[in-house]
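> what follows is a predicted structure for the sequence shown.
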Amino acid sequence: MPPGGKPRVRAGNRHAEVSDLAYLKIKDSKKEAEKAARREAEQARRREKAADFDLQQATLNIFKHAFSEVLSDGEELGRLLQEVKAALFAREFERAFGSESYLEAYASRWSPTRSLAYEGVLRDVAGHIKHLYVERTEEVVKDEVGGDEEAGMVEAEKQDEAKVEQEVDDTAREVEKITLADTKPDEASPQPPKATTTRHIPLLSIGGGAAELVAFASYLGRNQPSSLPPASGQITLLDSAPWSSVVDKLYAQLTIPPPLPKYASAAIKAANLPLIPPSRLTSSFIQYDVLSLPKDKLAELVGTQPLLLTMLFTLNELFTQAGIGATTKFLLELTAVSPIGTVLLVVDSPGSYSETTVGKSSKKYPMQWLMDKVLSSVDGERKWNKLESNESLWYRLSDGLEYPIQLENMRYQMHVYKLETGDGA
């Protein structure tokens, strides 16, 4: 033992202690980094959940404002809904959707939940439809005060609520004249219109109406990654029922800023934007029985570029009402005229709610089986490849959502197909 009575520490032991301390520090540092990463991930999930809730509430508000008159008379709405439900239960779809009052009652009661569910479905199948987007560059529409389209809508809202001050004193006028006189020609010349690039996707909704329009708008209006141009779309709604007036009311609400309190601040007004600007959503409605649609007209509606086709709570109705023969003929014609790469999205009631009775024996066939049978029977240069299939899914409303009347959760089946060449390319 050395003088002083303290044991001598060997160099090797000292190095081992230092290594152990360094290891512990690194280990603690990794733990802290992992905790920080988990906190950031949890915060991101909360932000996403909050944004999703806000979009859901904004979607419900579209229906609330579009059908405020219908929703304000609970007794009359109840009577209309009972009549619509009776017709639907009897599978008398033509009667259920035969009048504007029935359509507005239906749209105010059942379309809100469906639109939320459909928007969720579009997000779920986003990976299957990303190839349908085509980049477009267009000039931004200017309004009279020089702002872009969205700013113009906000300005119009302000002008409706307050008078613009008109009096300007003489000194200010003179200063303005001097300023303009001293401005160089290049500075005073109007700037060229701004160009904006969007990712555009076309959609043909067979049997589509209120829920499909709002779901598509919500999907396009959802915040996208900043690395991508904003999404835009064209939706064509095709149905035998007279949805035109209902669709127009909803489109108007989708593309204008929502109502604000009379005394809202200027900052709130400036931040008050529509769910989606009209420059990013175009909509058209065609009233026609799809089974009576000539093949050349169907080809015209489909177009020459791959698109998204939807039949949402429609296909089983076609099998039930028109029969297997007529519906099969339509599906084969749709296959023949659709461009390669087209995606078909089918959503309908699950299980026994989607069955068709065939023959004198009244044997029942599931809609999914009939659909697969028809689509897989296509021969030649094109075929439908099933990308995804779920026989039973639930859409559950988020807690805390507000709407004038009670809404329910929704159960459905969902199937996705892509039209490909015979060799699978």
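Received, thanks. For clarity, every value in this text was computed on a predicted model and none was experimentally measured. Numbering: from 1, shown residues only.
> from now on I want contacts and neighbour counts done on CA atoms only, so please keep to that.
Noted.
> and stretch 207-222, how far out from the chain middle?
Using CA atoms, centre = their mean, to the nearest Å, the distance from the centre of stretch 207-222 to the centre of the chain it belongs to is 5 Å.
> give the helix, strand or coil label for K386.
State at K386, reduced to three classes by DSSP: H, G, I helix; E, B strand; the rest coil: strand.
> check G233 too.
Three-state call for G233 (three-state DSSP): strand.
> thought it was touching L204?
No - counting by CA atoms under 8 Å, G233 stays clear of L204, with 10.7 Å between them.
> residue contacts, the residue nearest to E355 when sequence neighbours are not counted?
Nearest non-adjacent residue to E355, counting by CA to CA, 6 or more residues apart in numbering: P366, 4.3 Å away. Contact analysis of P366 by CA atoms under 8 Å, 6 or more residues apart in numbering lists G351, S352, S354, E355, T356.
> wait, what's in contact with L275?
The neighbourhood of L275, defined by CA under 8 Å, 6+ apart, consists of A58, T59, A217, S218, G221, L254, T255, I256, P257.
> phi, psi of L116?
Backbone geometry at L116, expressed as degrees, to the nearest 10, gives phi -60, psi -40.
> quick check: phi and psi at the residue nearest to E355.
For P366, the backbone dihedrals are phi -70, psi 140 (criterion: degrees, to the nearest 10).
> separation between it and K130?
Plainly put, P366 is 30 Å away from K130 if you go by CA to CA, to the nearest Å.
> who touches stretch 387-405?
53, 56-57, 60-61, 64, 71, 109, 113, 117, 128, 350-351, 408-418.
> filter those to the buried ones?
Among the contacts of stretch 387-405, the ones that count as buried by 16 or more other CA atoms under 10 Å are 53, 56-57, 60-61, 64, 71, 109, 113, 117, 128, 350, 410-418.
> in helices only, show me those residues.
When DSSP state H is applied, those are split such that F53, Q56, Q57, L60, N61, K64, L71, R109, T113, A117, H128 fall in helices.
> residue contacts, the last one?
Which is H128. The contact partners of H128, taken as CA under 8 Å, 6+ apart, are V343, L387.
> quick one: the strands in this protein, in order.
Ranges of strands within the chain are 134-139, 195-206, 231-239, 281-287, 308-312, 343-348, 355-358, 363-366, 382-395, 410-421, based on DSSP state E.
> of the ones you listed, which approaches T320 most closely?
strand 355-358 (5.5 Å; CA to CA).
> sheet partners, orientation included, of that closest one?
Here strand 355-358 has these sheet partners by DSSP bridges: strand 363-366 (antiparallel).
> for the ones in helices among the buried ones among the contacts of stretch 387-405, give me CSV that also has distance to E333 and pLDDT.
Output for these, formatted as CSV (distance: CA to CA, whole Å; pLDDT from 0 to 100):
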residue, distance to E333, pLDDT
F53, 41, 94
Q56, 37, 96
Q57, 39, 96
L60, 37, 98
N61, 39, 97
K64, 39, 98
L71, 41, 97
R109, 34, 97
T113, 32, 98
A117, 29, 98
H128, 23, 98
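> taking those together, which two end up most distant?
Taking CA to CA, the two most distant members of these are L71 and H128; they sit 37.4 Å apart.
> if we can go back for a sec, to S245, which of the strands of the chain lies closest?
With CA to CA, the closest approach to S245 among the strands of the chain belongs to strand 281-287: 9.6 Å.
> tell me the angle of that closest one relative to strand 231-239?
On the basis of axes from the mean of the first three to the mean of the last three CA atoms, to 10 degrees, strand 281-287 is oriented at 10 degrees to strand 231-239.
> weakest of the strands of the chain by average pLDDT?
Per-stretch mean pLDDT for the strands of the chain is lowest at strand 355-358 (a mean of 71).
> run through who's touching that strand.
By CA under 8 Å, 6+ apart, the surrounding residues in contact with strand 355-358 are N316, F319, T320, K363, K364, Y365, P366, M367.
> okay, now the unreliable bits of this structure?
1-18, 37-50, 139-194, 352-353, 358-361, 423-425 (pLDDT under 70).
> tell me how far the spatially most central residue of it lies from A126.
The centre of the chain sits closest to Y219, judged by CA atoms, centre = their mean, with a distance of 2.2 Å. Distance of Y219 to A126, computed by CA to CA: 10 Å.
> for the residue nearest to the centre of the chain, what are its contacts?
For Y219, the residues meeting the contact criterion (CA under 8 Å, 6+ apart) are E119, L122, R123.
> and the second one, how far from L116?
Think L122. For L122, the distance to L116 - CA to CA - is 10 Å.
> neighbour-wise, which of the two wins?
Taking other CA atoms under 10 Å, L122 and L116 do not tie; L116 has more neighbours (26 against 18).
> ok, that one - contacts?
Q56, T59, A215.
> what number of residues lie near the closest residue to P257 other than its chain neighbours?
Excluding the flanking residues, the one nearest P257 by CA to CA, 6+ apart is P274, at 4.1 Å. Using other CA under 10 Å, P274 is surrounded by 20 other residues.
> would you confirm that P274 contacts P259?
No - using CA under 8 Å, P274 is not in contact with P259; the gap is 10.0 Å.
> same list, the strands of the chain, but as TSV with distance to P404 please.
Below are these laid out as TSV (distance: least, CA to CA, whole Å):
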stretch	distance to P404
strand 134-139	39
strand 195-206	28
strand 231-239	27
strand 281-287	27
strand 308-312	25
strand 343-348	26
strand 355-358	34
strand 363-366	36
strand 382-395	20
strand 410-421	18
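> closest one to L81 among those?
strand 410-421 (17.7 Å).
> mind listing the strands the closest one pairs with, and their directions?
Per DSSP bridges, strand 410-421 is paired in its sheet with strand 343-348 (antiparallel), strand 382-395 (antiparallel).
> can you list those strands in TSV and add mean neighbour count and distance to K249?
As requested, the strands paired with strand 410-421 are exported to TSV (neighbours: other CA atoms under 10 Å; distance: least, CA to CA, whole Å):
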stretch	mean neighbour count	distance to K249
strand 343-348	23	25
strand 382-395	16	26
